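sequence first, predicted model second:
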Amino acid sequence: MNLFEPHLFRRQFPLIENYDKSLIEKNGLTSSLIYFDNAATTQKPQQVINSQQHYYQRLNANVHRASHQLSSKATFAFENARTLVQNFIGANSVKEIIWTKGATESINIVAQSLARNTLIPGDEVVLCASEHHANIVPWQIVAEQTGAIIKVLPLTNSGYIDIDEIDNIITNNTKFVACAHISNVLGRINPIKEIIAKAKSVGAISLIDGAQAIAHLSIDVQSLECDFYVFSAHKMYGPTGVGVLYGKEEHLERMLPYQGGGEMIKAVSFTQATTFNELPFKFEAGTPNVAGVIAFAESIDFLAPFLADDTNSYNLYEQKLVDHCFHALAKIEQVKFIVDGKPDIGVIAFTLTGHHNQDIATSLDTYGIAIRSGHHCAMPLMAYLNIDGCLRVSLAAYNTIAEIDYFIESLKNILHDAAFETINEQVSKQAGEVRETDPSVNEMDDIISLFSNTKGWDSRHREIMLLGKTLPRLDKALRNENTLISGCESLAWLKAEYNKEGLYTFSADSDAKIIRGLLVIVLAAFNNKTAQQIIEFNINNYFSDLGLMQHLSPSRGNGLLAIVAKIQLLSREN
Ligand code: PMP
C-alpha cells in the first residue's frame, strides 16, 4: 500500500480544509482557497499547530538553564528535535546542526563568521545566476568587507546551472561556492554533486541553499559532501522563524561566534578573555525559538516518512501535479514559460503575453487562487532572462488536480474577459465614442461611498480596475527616472505640482491596470492637500474605510506603500 494518500495528506491542513466552507459547493472543490504559493511558505499540518499550543500550555520554560523539571522537559524536547534533524539530513553529529531563524540567517552566519575572516582581496566567491537574494546579498556584503570578487555561474536554456562552464568559473582563486539545490523560480534541481566536487577539487568551501529542496528531496549531506547545507522549517510544513545551518564540524569549530550573548559562552570575565561554548551552542546566543524548534520536529516527523518511502508515492503525486499544471498551461496561447521545458518540482514560472503579471495575480485572487507575481527575490535572474518579473505557481502535495483545473479555467476566463474588453474599447474608438468617465468619482468621499456600496473582493477588484481606466495617461516623456516610483512591483510614475496656496496635485501612471486603479484611489486622498496634511494622512485607516484592508493592506508587496512614500517625499521637497 502507498504510504502517501493525497486526500489523507490534505486533510491534515486545517487552513486549506476549513478556509471557507460556504464556498465548497460553489466550486465543486474541497475548499475555497487554492493555495499555489508554496515556494513562499507551506501551510502547517494539525500536528505542528498542536505542538505549538501544547508547548505553551504544558512545556514552556527556558532551555539548558534552569535546574527544574519543566526546563529539563523543554530542553529534552528541544535537543530531541536537533537529533531528528541530524538523522533527517544524515549529518555526522548533532554538533553540526545549528538552529537559526531560517535559511537567510544560516547563510549570513557562514558569510560573516567564516568568509569574512578568511577571504582576502582578489579571492573569488562563486554564485549562480538564479540565486535567491538570500544567497547573494550576504556574499556581496562580505565581498565589500574583504575585497573578494563575486563570479556568477550561467544557466542553460532550461534553467539549470550550466555545468559546461564550471571549469571556467570555479578556479584556484575560488574560496567559496554557494548555490541553490533548487531555484525558487525555475524549479530545477541543479547538478550540485558536480559543483560540490569541483569546489572541493580547487579547495573551495561549498554552501548549498536547500530552502526549496528540503520538502521534496531526500537529503544526505554526507553523500553530497557539501561543507554547508541550509534550509528553513516553514518551507517544509514547519513553523516560521526556525531554520538550520548544517556545517561540517571542522569548519564550525574554527569559526568565530556570529553573535554574542547568553548560552554561547563557557566563561565570561572582565579580567580574562571570555571563552565560548562548544558546538552547536557557540552559534546560539540568547533564548532560542523553543516552541518553534519543537514544532519543527513534528513537521519532520510528518514529512520524513514520505521522503523515505520506497514506493515513492509522495514524489510521484507531486510529479503528477507538475505534469498536469505544466501541460495545461502550455496549451494557453499567451503563456510563455521563462525557461525551456517542464520544471523538476512544482515551481512553474511564466508570463502572459500582453498582460501584466500583477494584474493576473490580483485577478486570480478574486477567484480565491493565491499565486505569486514579481521578481521572487531573484532580481539578478530576472535581469539575466531579460524580464521584469513573472508569475509563479508553486505546488505542494496537498494540492489537487481539481484545483489545477479550476486555476486553468479561471485564468482562461480572465484572459477571455480582457480580450473582450480590448475589442470593445477598439470598437468604441473606431466609432469615435469617447469613454464616459464619471467625473464625480475623483474625490476621496466619492471613492469611500463607491466602495461602501460594493460588496465582496470580486466586485471591489472590478471597481478598482474600472477606476484605473479613468486615470489620464502620463505623457511618455514624463515617465522617466525622476518620476519612477521605486519599490513598486509594477512600473509606476508620479509627478507633483505645487500651487501658490501650498496645495499639491499629483498625476501618475503605471503599466499595470490594478496599480492605475489604486493610484486613482490614493491620489484622491492626497490631491489638493498641504504637505502637513499629506504627512499626517493615515493610509491604513483609509483602506480600512474602503473595505480593502483585507485584500490590499498597504504594503511594499503591492506597491501601495511605495506610492505613498513617494507622495510624502515629494511633498517634503518644497
Ligand atoms: N533560498 C531560497 C531558494 C528560497 O526560496 C528562500 C525563501 N524564499 C530563501 C533562500 C530564504 O529563506 P528564508 O526567508 O526562510 O530565510
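All right, it came through fine. It should be emphasised that the depicted structure is a prediction, and the values quoted were computed from it without experimental measurement.

secondary structure class for residue 373?
Following DSSP: H, G, I helix; E, B strand; the rest coil, residue 373 is assigned to strand.

could you check how far it is from the ligand?
The gap separating residue 373 from the ligand is 15 Å, by CB to the nearest ligand atom, to the nearest Å. C-beta: built from backbone N, CA, C; applies to glycine.

what about that residue, neighbour count?
Applying other CB atoms under 10 Å, we find 23 residues neighbouring residue 373.

ditto for residue 569
Neighbours of residue 569 (other CB under 10 Å): 12.

what parts of the stretch 251-400 of the chain come near the ligand?
Applying CB under 6 Å from any ligand atom, we find that the stretch 251-400 of the chain lies next to the ligand at residue 377.

pick out the residue of the stretch 251-400 of the chain closest to the ligand.
In the stretch 251-400 of the chain, the residue that lies nearest the ligand is residue 377 (5.9 Å; CB to the nearest ligand atom).

list the residues that contact the closest residue to that residue other than its chain neighbours.
Excluding the flanking residues, the one nearest residue 377 by CB to CB, 6 or more residues apart in numbering is residue 133, at 4.5 Å. For residue 133, the contact set (CB atoms under 8 Å, 6 or more residues apart in numbering) comprises 377-379.

returning to that earlier point: thought the residue of the stretch 251-400 of the chain closest to the ligand was touching residue 180?
No. Applying CB atoms under 8 Å as the test, residue 377 and residue 180 come out as separate, 11.4 Å apart.

mind checking the longest helix of the chain?
Counting residues, the longest helix found in the chain (DSSP state H) is helix 401-430.

centre of the chain to it, how far?
For helix 401-430, the separation from the chain centroid amounts to 27 Å (computed by CA atoms, centre = their mean, to the nearest Å).

other SSEs contacting that helix?
Packed against helix 401-430, as judged by 3 or more CB pairs under 8 Å, 6 or more residues apart in numbering; DSSP states H and E, are the following elements: strand 34-35, helix 313-330, helix 357-366, strand 369-370.

winner for burial among the ones you listed?
The highest mean neighbour count among the helices and strands packed on helix 401-430, using mean count of other CB atoms under 10 Å, belongs to strand 34-35: a mean of 24.

need the contact partners of that strand.
Outside strand 34-35, the residues that touch it by CB under 8 Å, 6+ apart are 15-16, 43, 367-370, 396, 399, 403, 406-407.

please apply the same query to stretch 539-555.
With CB under 8 Å, 6+ apart, stretch 539-555 has contacts from 365, 444, 447-448, 451-452, 454, 457, 460-461, 518, 521-522, 525, 558, 560-561, 564.

show me which of the residues you listed are buried.
Buried members of the contacts of stretch 539-555, scored by 16 or more other CB atoms under 10 Å, are 365, 444, 447-448, 451, 454, 457, 460-461, 518, 521-522, 525, 558, 560-561, 564.

verify the stated contact: residue 515 with residue 493.
No. If you go by CB under 8 Å, residue 515 and residue 493 don't touch, sitting 10.4 Å apart.

between these two, who's got more neighbours?
Using other CB under 10 Å as the criterion, residue 515 and residue 493 rank with residue 515 on top: 30 against 22.

quick one on the thing from earlier: can you pull the buried residues of the longest helix of the chain?
403-404, 406-408, 410-411, 414-415, 418.

can you add pLDDT and give those back as CSV?
Shown next, in CSV, are the buried residues of helix 401-430 (pLDDT from 0 to 100):
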residue, pLDDT
403, 95
404, 97
406, 95
407, 96
408, 97
410, 96
411, 97
414, 96
415, 96
418, 86
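
CSV for the residues you listed, including distance to residue 33?
Shown next, in CSV, are these (distance: CB to CB, whole Å):
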residue, distance to residue 33
403, 9
404, 14
406, 11
407, 12
408, 17
410, 13
411, 17
414, 18
415, 22
418, 24
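
so which of these reach the ligand?
Near the ligand, by the rule CB under 6 Å from any ligand atom, you find none of those.

and residue 247, what does it touch?
Residue 247 makes contacts with 96, 98, 110, 227-228, 255, as judged by CB under 8 Å, 6+ apart.

one more time with 10 Å
By CB atoms under 10 Å, 6 or more residues apart in numbering, the contact list for residue 247 reads 91, 95-98, 106, 109-110, 113-114, 205, 207, 221, 226-230, 253, 255, 279-280, 283.

quick check, whichever strand or helix holds residue 144 touching the ligand?
With elements taken from DSSP states H and E, the one containing residue 144 is helix 137-146. No. Contact of helix 137-146 with the ligand (CB under 6 Å from any ligand atom) is absent, the minimum separation being 10.5 Å.
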